[in-house]
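Colleague: compute the structure for the input listed below.
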Amino acid sequence: MNEPAPKLTDPAPAPAPASLRLGLVVPCFNEVDQLPASMDALAAKLDALVAAGLIRADSFVLLVDDGSTDATWALIEERCAGYHRFEGLRLAVNAGQQTAIFAGLQAVADRCGAALSLDADLQDDLSAIDAMLEELAEGAEIVLGVRAERDSDGWFKQQSAGLFYRTARVLGVGLTPDHGDFRLVAQPALGRLLQFSEHDLFLRATPALLSRRIAVVRYRRLPREAGSSHYPLMRMVALGWTGISSFSLWPLRLISVTGALTSVLALVLTVYALLAWASGNTVAGWTSIFVALTLFSGLTLLALGIIGEYVAKIYREVVRRPRYFVQQTTSKVASAPDDNGAVDISSACRPPGAQARDGRELRPKADSLRPENGKF
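Modeller: Just a heads-up that it's a prediction; the model follows:
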């Protein structure tokens with residue numbers, strides 16, 4: 001017997017329950033002016049995604065306070081106490097945006113099926129999250145939010161950004177042009193990311209090392225509504241150099257190439273000088289000596305500087321100082337990392353009895369290292 005067709009007045013069927021628990025990781029640094037509006041927008045977006053059946057109802061937002069000196073943490077605590085989908089993690093000192101994101105990913109990795117990182121100023125368009133989740137449902141493990149245009153940037157920033165991406169491509173760094181930190185990473189790629197143990201981790205270059213199933217969602221970057229950018233020119237230059245030096249050896253190889261070319265030029269000049277001496281046309285001149293000395297002295301100092309940067313990176317990795325220290329968490333962060341941020345918590349993905357690089361057996365952390373009542 002055929003069932004009667006639904007009437008036009010019948011309510012639409014409810015969407016099927018979603019199986020994905022999403023964790024949003026939002027680094028915050030002195031965002032007291034922008035954060036209230038950002039938290040309202042994030043709460044509304046999570047509610048909409050849950051209502052649409054795209055994510056589970058227990059999905060959440062983790063706000064990572066990167067050592068703010070204003071009332072950012074007070075705002076986070078207040079919101080976490082009043083809304084069940086918000087959690088807070090406070091770093092003891094400012095560790096940098098990349099480290100703050102990594103700390104947040106460490107805290108949420110074992111509690112969600114996918115983690116989405118985005119800036120607290122919400123210049124990353126929240127409406128793009130729907131398309132990112134669709135790409136995830138179609139089989140992607142990593143979805144990158146990529147700016148569709150840079151019209152809002154000034155001429156200098158547009159040109160410098162283009163030069164950086166072209167240079168990175170020539171040097172073999174696997175960067176996606178115009179991609180920042182708006183990134184959705186699902187398991188098991190998220191677990192792979194946590195196995196990176198270097199101190200100066202440049203997250204924007206890691207996707208190509210984690211998975212071949214990478215999708216791109218283009219979006220229009222929105223203007224900042226309040227506050228100011230925390231990335232001045234020199235900090236951007238430092239971040240760019242970290243990315244290149246962490247994922248490319250070509251700066252060192254260029255020193256070798258320059259040295260080889262300089263040696264060939266010196267050989268040619270030596271032959272020329274001998275021929276001039278043999279013909280009796282040797283005329284003393286300070287110009288050629290001055291140019292040669294200043295040129296080769298500059299090249300030598302540049303080479304030493306580049307080598308010194310790599311030696312400094314080796315030093316930081318060898319001493320294995322903690323990446324960050326967790327000062328405080330809200331009570332909901334049940335799996336927050338302990339105060340030794342450099343501990344390789346990817347050991348949770350290794351089988352029992354596995355050994356760390358120094359030969360020690362990896363064991364679960366003692367209960368005394370976990371926060372009590374949200375504080376250490």
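Colleague: quick one, strands of the chain?
Modeller: Along the chain, counting by DSSP state E, strands occupy 22-28, 60-65, 86-91, 114-117, 142-147, 179-186, 214-219, 326-329.
Colleague: can you dump the C-alpha atoms of the fourth one in PDB for me?
Modeller: Spelled out, that is strand 114-117. C-alpha atoms of strand 114-117 as PDB (Å, rounded to 0.1, in the frame of the first residue of the first chain):
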ATOM      1  CA  ALA A 114      38.600  18.000  12.600                       C
ATOM      2  CA  ALA A 115      40.200  21.200  13.800                       C
ATOM      3  CA  LEU A 116      39.800  24.600  12.100                       C
ATOM      4  CA  SER A 117      42.200  27.400  12.900                       C
END
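Colleague: all the helices of the stretch 101-250 of the chain, residue numbers only.
Modeller: Using DSSP state H, counting those that start in this stretch, the helices of the stretch 101-250 of the chain run over 128-137, 155-170, 189-193, 207-210, 233-247, 250-278.
Colleague: got it, and the stretch 251-376 of the chain?
Modeller: Per DSSP H, counting those that start in this stretch, the stretch 251-376 of the chain carries helices over the ranges 286-319.
Colleague: in the stretch 201-350 of the chain, which ranges drop under the pLDDT threshold?
Modeller: 224-243, 245-249, 273, 277, 280-288, 290-291, 294, 332, 334-350 (pLDDT under 70).
Colleague: would you turn the helices of the stretch 101-250 of the chain into TSV with mean neighbour count and distance to G180?
Modeller: C-beta: built from backbone N, CA, C; applies to glycine. Output for the helices of the stretch 101-250 of the chain, formatted as TSV (neighbours: other CB atoms under 10 Å; distance: least, CB to CB, whole Å):
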stretch	mean neighbour count	distance to G180
helix 128-137	19	12
helix 155-170	14	10
helix 189-193	20	16
helix 207-210	16	12
helix 233-247	16	10
helix 250-278	12	23
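Colleague: got these as JSON lines, with distance to A43 columns?
Modeller: Formatted as JSON lines, those follow (distance: least, CB to CB, whole Å):
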{"stretch": "helix 128-137", "distance to A43": "13"}
{"stretch": "helix 155-170", "distance to A43": "32"}
{"stretch": "helix 189-193", "distance to A43": "23"}
{"stretch": "helix 207-210", "distance to A43": "28"}
{"stretch": "helix 233-247", "distance to A43": "30"}
{"stretch": "helix 250-278", "distance to A43": "45"}
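Colleague: hmm, back to that, relative to A100, which of the strands of the chain is closest?
Modeller: strand 22-28 (3.8 Å; CB to CB).
Colleague: domain parsing for the protein?
Modeller: 22-230, 250-319 (automatic domain parsing).
Colleague: so how far is stretch 52-71 from its chain's centroid?
Modeller: Put simply, stretch 52-71 sits 17 Å off its chain's centre (CA atoms, centre = their mean, to the nearest Å).
Colleague: start and end of that stretch, how far apart?
Modeller: End-to-end distance of stretch 52-71 (CA to CA, to the nearest Å): 34 Å.
Colleague: any idea how far the spatially most central residue of the chain is from L175?
Modeller: In the chain, the centroid-proximal residue (CA atoms, centre = their mean) is L203; its distance is 3.1 Å. Separation of L203 from L175 (CB to CB, to the nearest Å): 11 Å.
Colleague: list the contacts of L175.
Modeller: Shown in contact with L175 (CB atoms under 8 Å, 6 or more residues apart in numbering): Y165, A168, R169, R204, A205, G243.
Colleague: among the residues you listed, which one sits closest to T72?
Modeller: Among those, and counting by CB to CB, the member closest to T72 is R204, at 23.9 Å.
Colleague: distance check, that closest one against T258.
Modeller: For R204 relative to T258 (CB to CB), the value is 28 Å.
Colleague: which residues of the stretch 1-150 of the chain score low on pLDDT?
Modeller: Those would be 1-18, 150, if you go by pLDDT under 70 across the stretch 1-150 of the chain.
Colleague: before I go, just wanted to say thanks for your time.
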